[in-house]
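[1] Fold the following for me, if possible:
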Amino acid sequence: MTDYQSVADTVTEEIRSGGLRPGDRLPPLREFARLRGIAPSTAGRVYRELARRGLTSGEVGRGTFVRAAPDPLAPSPALTEGGRSPVDMGLNYPVVPEQSELLARAMGPLLRPGALDQALAPIGPAGTPAAREAAADLLARGGWRPDPERVLFTGNGRQAVAATLAALVSPGGRVGVEEVTYPAVKSLVTRLGATVVPLAVDEDGLVPEALERARRGGPLDAVYVQPTLHNPLSVTMSPARRAALAEVLLRLGITAVEDTVWAFLRDDVPPLAALAPERTVLVDSLSKRIAPGLNLGYAVVPPALHAAVAVAVRSGGSQPMGFALEAASRWQRDGTVRTLVRAKQRQAAARQLTARRLLADFTIRTEPISYHCWWELPGGWRSDTFVAAAARRGIGVVPAAAFAVARHRETDAVRIGLASPPEPVLERALTILAQLARSAPDDLVGD
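    Numbers count the residues shown, from 1 in each chain. This next block holds a predicted model:
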């Protein structure tokens, strides 16, 4: 895949995930080129590609803006062909049938005038004592429960990551990142004027020795890691790997930003923060547990960093919405969150069985309870060719290049999101993708 397509895929994923929102202005071309480490001419091709995909629009004299998005659970019309209904398996927000009824029932008391007045009042990153207690219960797993006094709140999970990195990273600094990772992290680090340092991963997650090697090459301001249900690889670190990584963090004095946004599906597994609490900032959000439309971000911060992260939240305009904070606290206290989490765990397991059955002939990396799969495509297929062929059949998947930090890690693979399509649509889409993968790319000439 050419450089401009790879960068365009990364920006597309940022738009899909909500990192870039409708109305956001993209940087001028030369600034965009500098931030992404590409040539200005390549940046121009990226902007043209984003416009071709219908994701941006240009306004003379003002710049390039992210376009108003359709229904977040509906894919781009660009994926349709011949009147087929498009299926966006790049978007990955789980919804269970009972979700709306449960949330509406729990919302009732919040809409009474007295409660609503309190919920609509301004709120800071520390929230309230009751909200911090509820957050500690929500984030607890595997026998670990954070100290409520360490909890800070942001508008969403991405803001929690951004504020934490802003507090840790200096211009010109270095941040270790898994060599295949959540795409928005790359741009967050670059915007801070820092360098992304790719770290090797294997079938057990981030390799601790890779972190040690990177540290020998110069100081690391932080390391971003997803120990549980990694996106996109679905890897969950073993207890031994977590212990080894914690030991390296403590010995070298490196702070980890632990992203646990999918970890609610594996609430039997304690986080890395349980092993290295003074060297880990745990970040999370409500978007997967509850719904993307009423979001909230969490950061469990060591005392030594608490003030710096709180300042970064305020200065970045990332304070939580009081209404979302109050709603989340009530949903946690009345058991709504627990009910939804259990339902989504069951749904993820059922969808994995469907994916494993329909893709049994292929090399898939995933876990029994996960909402995504990493599909290493069969010989003859390039990821960009497969993505294009799937799009012509009305199915959107994400190429490996969108997640690769290092160019040498751009394998011929795609990430398949299992969360968003209804079950019958998911089964039909996976069947079509399997049939497509069994054909040879040359068979599709003129398709």
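
[2] for the worst-scoring helix or strand of the chain on mean pLDDT, packing partners?
    When the helices and strands of the chain are scored by mean pLDDT, DSSP states H and E, helix 113-119 comes last with a mean of 72. In terms of contacts (3 or more Cβ pairs under 8 Å, 6 or more residues apart in numbering; DSSP states H and E), helix 113-119 is packed against helix 322-333. For every residue, glycine as well, the C-beta is placed using N, CA and C.

[3] Just the buried residues of whichever helix or strand comes after the helix it packs on, please?
    Next along the chain after helix 322-333, taking DSSP states H and E as the criterion, comes helix 336-358. In terms of neighbour count (16 or more other Cβ atoms under 10 Å), helix 336-358 has its buried residues at 336-337, 339-341, 343-345, 347-348, 351-352, 355, 358.

[4] Centre of the chain to helix 336-358, how far?
    Centre-to-centre, helix 336-358 and its host chain are 18 Å apart (Cα atoms, centre = their mean, to the nearest Å).

[5] Give the rounded mean pLDDT of it.
    Throughout helix 336-358, pLDDT has a mean value of 96.

[6] Just after that helix, pick out the following helix or strand.
    Per DSSP H and E, the first helix or strand lying C-terminal to helix 336-358 is strand 363-365.

[7] What is the following helix or strand past that next one packed up against?
    Scanning forward in sequence from strand 363-365 by DSSP H and E, the next helix or strand is strand 372-376. Packing contacts for strand 372-376, counted by 3+ Cβ pairs under 8 Å, 6+ apart, involve strand 363-365, strand 413-417.

[8] Can you give the contact residues for the longest one?
    This means strand 413-417. Residues outside strand 413-417 that contact it (Cβ atoms under 8 Å, 6 or more residues apart in numbering) are 88-92, 231-232, 355, 371-377, 383, 386-387, 390, 397-400, 402-403, 430, 433.

[9] hmm, try it at 7 Å
    Residues from elsewhere that reach strand 413-417 (Cβ atoms under 7 Å, 6 or more residues apart in numbering): 89-92, 232, 371-377, 383, 386-387, 397-400, 403.

[10] Please export the C-alpha coordinates of that strand as PDB.
    Output in PDB follows, covering the C-alpha atoms of strand 413-417 (Å, rounded to 0.1, in the frame of the first residue of the first chain):
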ATOM      1  CA  ALA A 413      -4.000  -8.800   7.300                       C
ATOM      2  CA  VAL A 414      -7.200  -7.000   8.100                       C
ATOM      3  CA  ARG A 415      -9.100  -6.400  11.300                       C
ATOM      4  CA  ILE A 416     -12.700  -7.700  11.400                       C
ATOM      5  CA  GLY A 417     -15.000  -5.900  13.900                       C
END
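
[11] what's the angle between the next helix or strand after it and helix 336-358?
    Toward the C-terminus, strand 413-417 is succeeded by helix 423-438 as the next helix or strand (DSSP H and E). Between helix 423-438 and helix 336-358, the angle comes out at 40 degrees (axes from the mean of the first three to the mean of the last three Cα atoms, to 10 degrees).

[12] who touches helix 423-438?
    87, 89, 351, 354-355, 358-359, 362, 377-378, 381, 389-390, 393, 395, 418, 421.
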